[in-house]
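>>> For reference, the sequence and a predicted model appear below.
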Amino acid sequence: MKRLRREGAPVILPNTFSDAKNRNTPMPYQKRPMRYTDAMENLHDPVVGIIAEYNPFHNGHLWHLTEVRRLMPHAPLVMVLSSNFTQRGLPSLVDKWTRTRMALAQGADLVLELPFAFSCNAAPEFSAGAVDILAQTRFVTHLSFGMENPDWELTSILDILIQEPPSFKRNLKKRLSSGHSYPKALARALESELPGSASFLASPNNSLALSYLLHTRKKGYALIPLPVLRRGAGYHAELLGPLPSATAVRKAIAHGAGKDELDKALPSATLALLAQAQTEGRLCLGTEKLWRLLQSLLMRTSPLQLRSVAGMDEGLEHLFLRHAEAESYEAFIGRCLCARYTKSRLQRQVARLLVNVERWNAAALSRLGPPYIRVLGFGERGRHLLRERNSSSTPFISRLPAAQKLGPLAKSAADMEFRASKLYELLLPTPDPKREERSIPLSESTTQMP
């Protein structure tokens, strides 16, 4: 089925492929400057969008916001924040409401939800859902993101991915047939077309930035990229420091790090909110409960039933059942790990299985994009932006039950979100199964620090 295209203003990024096609000439791959900020000075009322997980919000995130404010000092900041499960397929350290409070405490003006259907998904779907939400607000003008190499020329890579020349398609198909995972096969196929691109894509934030820009260009959105150099520890680094990775912060907390140790890595508001979550039994640490739920499900589920879940392809259902008696979640993932299935892919598949993400619902959401825009929190400037929402073609909602009245696709996404939130609650020391049903957007008056 052909993917529907939503309305949007012409894209700002140079469309080299379209130009070359119209001229009936070969697509050029040589380096050309991608002018990210040419149009910035003449824009009226710019608004910067940021896509984030904040799991949890740390000094590296604070650096990003500081740089955005330096570049766009008067622009409101609109965040699209992951739901309770992250892009790597694991439950977040604290729930989306606590992470919304972290964002508001550091100056976010409006926080919007990236639903589970997109937040717990591969980079293309994660990026597409988040970019769609920002573009469909109709008031976000810029998209800012961190990159390990913000000066890298991206137009040539985008040209290849848009046009898919025959040599690229052959290389990609060959590597997939050899058993490589899609991200690795894609990187190697691009390397054969544009030397150096594989090393560029090996950096997680570079790869995610490319996904944002690719979807922006495909949909013709008028979002101006605003890249910021990512500073501090690498994505998977596990040592705390002034600019740590989120992985290092989570590991330190799981091992009982105290306030003095965390103080150098986290803003004071994050520290206070984490302490409150711990006191209330709402820190999600470890995978023991997740493994019990998964093992129980696998014990009573047939391969045919597993295949009805989105993403359960290429015999993955048999792999899951074969290792259902592993001694732990980590051991299970380790046994299933192979060249074809990355760790993140396996973890996402576990979450999808436990949430019961039906194949056809997932395909419809991927094809059509988020069917609603849910507000998680706002400040005074965010409240003003929400008054402009009538120009959006996608409905805004403040409570999740409202989405169930917006049609079959919105109901499907909302039901999935309810199930994901209830699953998340089961993983906490002090679960609150009805939390999602009664939650409303946070405002400045309700986000006082503990």
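In hand now; what should we look at? Just so it is clear, the structure is predicted and the values come from calculations on it, not from any experiment.
>>> Give me the buried stretch members for the host helix or strand of residue 247, please.
Residue 247 belongs to helix 246-254 when assigned by DSSP states H and E. In terms of neighbour count (16 or more other C-beta atoms under 10 Å), helix 246-254 has its buried residues at 246-253. All C-beta atoms are positioned from the backbone trio N, CA, C, and that covers glycine.
>>> what's the closest of the residues you listed to residue 279?
Nearest to residue 279 among the buried residues of helix 246-254, counting by C-beta to C-beta, is residue 253 at 13.7 Å.
>>> thought the closest one was touching residue 274?
Yes - contact criterion C-beta atoms under 8 Å: residue 253 and residue 274 qualify, at 7.0 Å.
>>> Could you tell me which residues touch both of those two?
Residues touching both residue 253 and residue 274 (C-beta atoms under 8 Å, 6 or more residues apart in numbering): 93, 262, 283.
>>> Among those, which one sits closest to residue 412?
Checking those against residue 412 with C-beta to C-beta, the nearest one is residue 93 at 27.8 Å.
>>> remind me which residues of the chain are low pLDDT?
By pLDDT under 70, the low-scoring segments of the chain are 1-44, 232-238, 389-390, 445-450.
>>> since we're on residue 263, how many residues are nearby?
Neighbour count of residue 263, defined by other C-beta atoms under 10 Å: 12.
>>> Grab the nearest non-local neighbour of it.
Excluding the flanking residues, the one nearest residue 263 by C-beta to C-beta, 6 or more residues apart in numbering is residue 271, at 6.6 Å.
>>> Any idea how many residues pack against that neighbour?
Using other C-beta under 10 Å, residue 271 has 16 neighbouring residues.
>>> from what I can see residue 441 touches residue 375, true?
Yes - Residue 441 lies in contact with residue 375 (C-beta under 8 Å); the separation is 4.5 Å.
>>> in the lengthiest helix in the chain, what counts as buried?
As assigned by DSSP state H, the longest helix anywhere in the chain is helix 408-426. The neighbour-count check on helix 408-426 (16+ other C-beta under 10 Å) flags 409-410, 412-425 as buried.
>>> Next up, the contacts around the nearest residue to residue 410 once chain neighbours are set aside.
Computed as C-beta to C-beta, 6+ apart, the closest residue to residue 410 that is not its neighbour in sequence is residue 371, at 3.9 Å. Residues in contact with residue 371 (C-beta under 8 Å, 6+ apart) are 365, 394, 403, 406-407, 409-410, 413.
>>> which element is the spatially closest residue to residue 309 that is not a sequence neighbour on?
Spatial nearest neighbour of residue 309, excluding adjacent residues (C-beta to C-beta, 6+ apart): residue 353 at 5.3 Å. Element membership of residue 353, judged by DSSP H and E, is helix 343-355.
>>> Quick one: residues in contact with that helix.
With C-beta under 8 Å, 6+ apart, helix 343-355 has contacts from 85, 87-91, 116, 120-122, 181, 290, 293-294, 297, 306, 309-312, 316, 320, 329, 333, 336-337, 362, 416, 419-420, 423.
>>> Report the inter-axis angle for the helix or strand following that helix versus helix 408-426.
Later in the chain than helix 343-355, the nearest helix or strand by DSSP H and E is helix 359-368. If you take axes from the mean of the first three to the mean of the last three C-alpha atoms, to 10 degrees, helix 359-368 sits at 110 degrees to helix 408-426.
>>> Next, the buried residues of helix 359-368.
Buried residues in helix 359-368 (16+ other C-beta under 10 Å): 361-362, 364-366.
>>> So what angle separates the directions of the next helix or strand after that helix and helix 408-426?
Moving toward the C-terminus from helix 359-368, the next helix or strand (DSSP H and E) is strand 373-378. Angle, strand 373-378 to helix 408-426, by the same axes, to 10 degrees: 40 degrees.
>>> Show me what the following helix or strand past strand 373-378 is packed against.
Using DSSP H and E, the helix or strand that follows strand 373-378 in sequence is helix 380-386. Counting contacts by 3 or more C-beta pairs under 8 Å, 6 or more residues apart in numbering; DSSP states H and E, helix 380-386 packs against strand 110-114, strand 373-378.
>>> quick one, helices of the stretch 1-150 of the chain?
Assigned helices in the stretch 1-150 of the chain, in chain order: 16-23, 59-71, 96-105, 116-119, 123-137 (criterion: DSSP state H, counting those that start in this stretch).
>>> these two touch, right, residue 410 and residue 372?
Yes - if you go by C-beta under 8 Å, residue 410 and residue 372 touch, sitting 5.2 Å apart.
>>> shared neighbours of these two, which are they?
395, 403.
>>> Looking at the record's assignment, how would you partition this protein?
Domain ranges of the chain: 16-149+203-279, 287-357, per automatic domain parsing.
>>> what residues are up against residue 201?
With C-beta under 8 Å, 6+ apart, residue 201 has these contacts: 183, 186-187, 190, 207, 210.
>>> would you list those residues in a markdown table and tack on distance to residue 138 and secondary structure?
Output for the contacts of residue 201, formatted as a markdown table (distance: C-beta to C-beta, whole Å; DSSP: H, G, I helix; E, B strand; the rest coil):
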| residue | distance to residue 138 | secondary structure |
| --- | --- | --- |
| 183 | 32 | helix |
| 186 | 32 | helix |
| 187 | 35 | helix |
| 190 | 33 | helix |
| 207 | 28 | helix |
| 210 | 25 | helix |
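>>> Please produce TSV containing those, extended by distance to residue 357 and neighbour count.
Listed next are the contacts of residue 201 as TSV, based on distance: C-beta to C-beta, whole Å; neighbours: other C-beta atoms under 10 Å:
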residue	distance to residue 357	neighbour count
183	21	17
186	24	22
187	27	19
190	29	23
207	24	18
210	26	22
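>>> Name the nearest of these relative to residue 52.
Taking C-beta to C-beta as the measure, residue 207 is the one of the contacts of residue 201 closest to residue 52, at 16.0 Å.
>>> Enumerate every residue touching that closest one.
Counted by C-beta under 8 Å, 6+ apart, residue 207 has contacts 123, 183, 201.
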